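Participant: Below are the sequence and a predicted model for it; my questions follow.
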Amino acid sequence: MTAPIADITAELTAWFGERFTQLEELADDLIAALHLGPDRRLELSESARRRMKTTAVRMLEANPVLDGCGLIFARTALGTENGHLEWWVREDETRFARYSFGVVPGGDRYYDYEHHEWFIRAFHEGAPALVGPYIDYLGVEAYVVTLTVPAVLDGVRVGAVGNDIQVADLEAALLPMLLRSRAPLAIVGRHGNVLVGSSSRFLPGEYVPAEHPGFARATLGPASAGLTLLYPGEVPERRS
């Protein structure tokens, strides 16, 4: 028996909602390790970094679908032109390591993360974001999606907290939901790129135009993530 699209939409919305809820909880735990100095700038001590490591590793252990997670600091919060990330990645099922990025302008493999959409939307716009899929050349060099939420300390936005999910792991988690329908379905991001599809006609990363003949869209929550479910159906005609 094929499941109604409404049921699949609700199940997918719940799955993504849980991911963002966990990410917000991670943000609270990571931020709890920090404090602002008299000048309202972050003071990042070694004890704070150890505490954040424990928090990040616990998150990765509890969520096998995640490839990496951590806190990405705004340079304005640090009061320096260099960036800083406390980012932890999964090496295997039992080992986790802090990933080192090039954060010095002009340095080797400089990572100017503040220009990436996932940082802009979480830090500058203050909204949960989902970006991708894209090739993570500086990390796992695989197709990933990145989820972020604002990082706020004492009312001051200091950066973004995020996690990465490899598309292969995303497919493993979501494809069973899509396959509850015999119809070809696809989860599409805010820029029209397919995240996961149940048919070879919808491959990860492929662009799907806003109006795709013979298909309709259902919005998946949370709204700021910009996700939709593409499914066979008629789009109601617009009234003039």
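Facilitator: The structure has been received and is ready for your questions.
Participant: OK, contacts around the spatially most central residue of the chain?
Facilitator: When C-alpha atoms, centre = their mean is applied to the chain, the residue found nearest the centroid is residue 147 (1.2 Å). Under the criterion of C-beta atoms under 8 Å, 6 or more residues apart in numbering, the neighbours of residue 147 are 19, 20, 23, 118, 128, 129, 130, 162, 163, 165, 225. To be clear about C-beta, it is placed using only N, CA and C from the backbone, and glycine gets the same treatment.
Participant: and the third one, that one's in a helix?
Facilitator: Yes. When the secondary structure is assigned by DSSP: H, G, I helix; E, B strand; the rest coil, residue 23 falls within a helix.
Participant: any idea where the helices of the chain begin and end?
Facilitator: Secondary structure of the chain, counting by DSSP state H: helices at 5-31, 46-62, 75-78, 117-119, 167-178.
Participant: Which one of those helices lies nearest to residue 214?
Facilitator: helix 5-31 (14.3 Å; C-beta to C-beta).
Participant: Name the residues of the closest one that come out as buried.
Facilitator: When neighbours are counted by 16 or more other C-beta atoms under 10 Å, the buried residues of helix 5-31 are found to be 5, 8-9, 11-13, 16, 19-20, 22-23, 26-27, 29-31.
Participant: With respect to residue 59, which of those is nearest?
Facilitator: residue 26 (5.3 Å).
Participant: Next one, pLDDT for that closest one please.
Facilitator: According to the prediction, residue 26 has pLDDT 97.
Participant: Let me see the contact set for the nearest residue to it once chain neighbours are set aside.
Facilitator: Nearest non-adjacent residue to residue 26, counting by C-beta to C-beta, 6 or more residues apart in numbering: residue 59, 5.3 Å away. The contact partners of residue 59, taken as C-beta under 8 Å, 6+ apart, are 22, 26, 66, 69, 163.
Participant: As JSON lines, the helices of the chain with distance to residue 85 would be great.
Facilitator: As requested, these are exported to JSON lines (distance: least, C-beta to C-beta, whole Å):
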{"stretch": "helix 5-31", "distance to residue 85": "12"}
{"stretch": "helix 46-62", "distance to residue 85": "11"}
{"stretch": "helix 75-78", "distance to residue 85": "11"}
{"stretch": "helix 117-119", "distance to residue 85": "10"}
{"stretch": "helix 167-178", "distance to residue 85": "21"}
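Participant: Please tell me how far residue 24 sits from residue 3.
Facilitator: 29 Å (C-beta to C-beta, to the nearest Å).
Participant: what's the answer for residue 72, then?
Facilitator: In this structure, residue 72 and residue 3 are separated by 38 Å, where distance is defined by C-beta to C-beta.
Participant: Equivalent analysis for residue 208, please.
Facilitator: Distance of residue 208 to residue 3, given as C-beta to C-beta: 22 Å.
Participant: mind checking which of the helices of the chain is nearest residue 40?
Facilitator: Taking C-beta to C-beta as the criterion, residue 40 comes closest to helix 75-78 out of these, the separation being 8.8 Å.
Participant: if I look at the residue nearest to residue 26, how far off is residue 218?
Facilitator: Residue 59 sits 30 Å away from residue 218 when distances are taken as C-beta to C-beta.
Participant: starting at the chain centroid, how far to the worst-scoring helix or strand of the chain on mean pLDDT?
Facilitator: Taking mean pLDDT, DSSP states H and E as the measure, the helix or strand of the chain with the lowest value is strand 42-43, at a mean of 80. Centroid displacement of strand 42-43 relative to its chain, using C-alpha atoms, centre = their mean, to the nearest Å, is 25 Å.
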